[in-house]
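J.: Have a look; sequence and predicted model below, questions after that.
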2 protein chains.
Amino acid sequence: MIITENRLMLKKERQALIIKQINLHNKVLSSDLSIELYVSEDTIRRDLNELALENKIVKVHGGALSKSYNFTATQAETYAFDEKNIIAQKTISLIKDGMTILCSGGTTIRAIANQLPDNLNVTFFTVSPLISLELVEHPNTEVILLGGKLSNSSKISVGGEVVSKINEIKADLCILGINGIDEDGISDSDHEIVQVKKAMIKASKQLITPMISEKLNSTLRLSVCSLEEVDFLITELSPDHPSLRQYASRVRMIL
Amino acid sequence: MIITENRLMLKKERQALIIKQINLHNKVLSSDLSIELYVSEDTIRRDLNELALENKIVKVHGGALSKSYNFTATQAETYAFDEKNIIAQKTISLIKDGMTILCSGGTTIRAIANQLPDNLNVTFFTVSPLISLELVEHPNTEVILLGGKLSNSSKISVGGEVVSKINEIKADLCILGINGIDEDGISDSDHEIVQVKKAMIKASKQLITPMISEKLNSTLRLSVCSLEEVDFLITELSPDHPSLRQYASRVRMIL
DNA sequence: TCAAAACAAGCAAGTTCATGCAATTATTTA
DNA sequence: TAAATAATTGCATGAACTTGCTTGTTTTGA
């Protein structure tokens, strides 16, 4: 019986080799590693699971991929699809013929734009090219695109010109996608975006903030507005859901 | 013994390659992928369905399309795809680092925006939200979206404000999608769009008109500019192609 | 309208996986 | 050092996943 050196390999050592293989080839198969490293596939699988738990690799059926192989960016779009449709329906119920509406970007707002009934006769102002394209598909809506420097991260127009343009508008509703909300109000992480959002709120009679419930109680660095400024807080949850209790007395209405 | 690497491909890996193919060509056929990836068409179909469910691609009969094709008429989009890519490459060869570029909308322009090399360091002004989104994916480009009333038909910003905004710009290149060209020059059918295009031409040092050759010798009601104003006429054809002969002496250069 | 292509659904074979368990190996403690 | 404890590993089991094939239906384009 021949006992190879590899038999004496330590677990950590083996995992380091696996990482090396993944960095080299961008992928590994459990079956290959099992042969190369003289251990059972079970052991390899356990290794891969551990490494995936440490966020060092991406485990997939049959092996693992390098993290860079991951393309989660677009996945955000699908994320919470059903919830966003519930939110969209609630929001749409607030929109009446003849209104002028200011709206931001984001996947939740996009779901709203997408599901808008075709017979609605409204004027939309938006800083998001993506939302503008979604809105313009509806025959009876007028869409005014607010131009400016396009933010790489958020894909909306930002900058002084947008803000001053928004200041000239008098809108009935502001439909604002949000990233963080807690007892201190709505918050966001990007300064330029905050400037735009503040201007949008100021330019509108009523503020609607549709959001996925998981955004509740999350705080970001920069404040956008207080809870008292929110007229309609919309989530996919029932208005009397416990998670919403703390907001009930602060915002005008929860839908 | 010809066992290709592909035989041992992981499902996720295969799906990543499919996405890559779609991003590259904007469309894929199940039958092609089946051959390229050494799996049955059923498997490809299942992959495409999964990816479509995740909203990463748009599944169509026979294959799949890039996601962003959602917005406009998909038939027109795929139309003459290869030709448009040839045109895109020719146009891109004229773009140099540091340039300021004004560009319109249209599927040909979109092919250009899509294929732009990532290392180009240029500033784009555009009236098309769709093009702006395509451009902003390139890390080294600055994108300024020109806002205004969004035209239902052409999906670009139109109106007095856009025109006066364009008048403030000094651009090196104007990349103009066109709908009609004959001996009398470039023409278009929509008055508002003509206003915008005229302003774009005036604001730029050089005018590039990329077009599918089938647009040659078609006339629309409204004149945009004369042939003499065109610096580069770009088609998918070789510059000495007979169809282009009548234009050779009128425009500055044919590519 | 009709034939070819694409499709969905279900099935079966072959993998891959998670789990519990036992055997082995490493580490700690007395 | 020896015993106790902990960690690691391989194996067995049944479940879950993946894939190609078959069948019958739908879509497409001539």
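T.: On my side now, so go ahead.
J.: need the residues of the stretch 51-200 of chain A near DNA strand D, please.
T.: Contact residues, the stretch 51-200 of chain A versus DNA strand D (C-beta under 7 Å from any atom of the strand): A:His61, A:Gly62. Quick note: C-beta positions are derived from backbone N, CA and C, even for glycine.
J.: what residue ranges in the stretch 51-200 of chain A score low on pLDDT?
T.: Where the stretch 51-200 of chain A drops to pLDDT under 70, the residues are A:68-82.
J.: Who are the packing partners of the longest helix seen in chain A?
T.: Longest helix of chain A, by residue count under DSSP state H: helix A:11-25. Judged by 3 or more C-beta pairs under 8 Å, 6 or more residues apart in numbering or on different chains; DSSP states H and E, helix A:11-25 is in contact with strand A:27-29, helix A:41-53, strand A:63-65.
J.: could you check the angle helix A:41-53 makes with that helix?
T.: Orientation check (axes from the mean of the first three to the mean of the last three C-alpha atoms, to 10 degrees): helix A:11-25 against helix A:41-53 gives 70 degrees.
J.: which stretches of the stretch 101-250 of chain A form strands?
T.: With DSSP state E, counting those that start in this stretch, the ranges of strands along the stretch 101-250 of chain A come out as A:123-126, A:142-145, A:148-150, A:157-158, A:171-175, A:180-182, A:185-188, A:204-210, A:222-225, A:232-234.
J.: residues in contact with the closest residue to DNA strand C within the stretch 101-250 of chain A?
T.: Proximity of the stretch 101-250 of chain A to DNA strand C (C-beta to the nearest atom of the strand) peaks at A:Asn114, 21.6 Å away. Contacts for A:Asn114 (C-beta atoms under 8 Å, 6 or more residues apart in numbering or on different chains) come out as A:Ala88, A:Glu134.
J.: Quick check: the gap between the residue lying closest to A:Glu41 once chain neighbours are set aside and A:Lys56.
T.: Closest residue in space to A:Glu41, ignoring its immediate chain neighbours: A:Ser34 at 4.4 Å, by C-beta to C-beta, 6 or more residues apart in numbering or on different chains. A:Ser34 sits 19 Å away from A:Lys56, going by C-beta to C-beta, to the nearest Å.
J.: A:Asp97 too?
T.: Taking C-beta to C-beta, one finds A:Asp97 at 55 Å from A:Lys56.
J.: what does A:Ile44 give?
T.: Distance from A:Ile44 to A:Lys56, by C-beta to C-beta: 15 Å.
J.: between these two, who's got more neighbours?
T.: Neighbours per residue (other C-beta atoms under 10 Å in any protein chain shown) separate A:Ile44 from A:Lys56, with A:Ile44 holding more: 25 against 17.
J.: My read is that the more buried one contacts A:Ile35, right?
T.: No - if you go by C-beta atoms under 8 Å, A:Ile44 and A:Ile35 don't touch, sitting 9.7 Å apart.
J.: What's the nearest residue in the stretch 101-250 of chain A when you look at chain B?
T.: Using C-beta to the nearest C-beta, A:Gly147 is the residue of the stretch 101-250 of chain A that sits closest to chain B, at 2.7 Å.
J.: dump the residue contacts of that residue.
T.: A:Ser157, A:Glu161, A:Val162, A:Lys165, B:Ile144, B:Leu145, B:Leu146, B:Gly147, B:Gly148, B:Ser157, B:Val162, B:Lys165.
J.: No further queries at this time; thank you.
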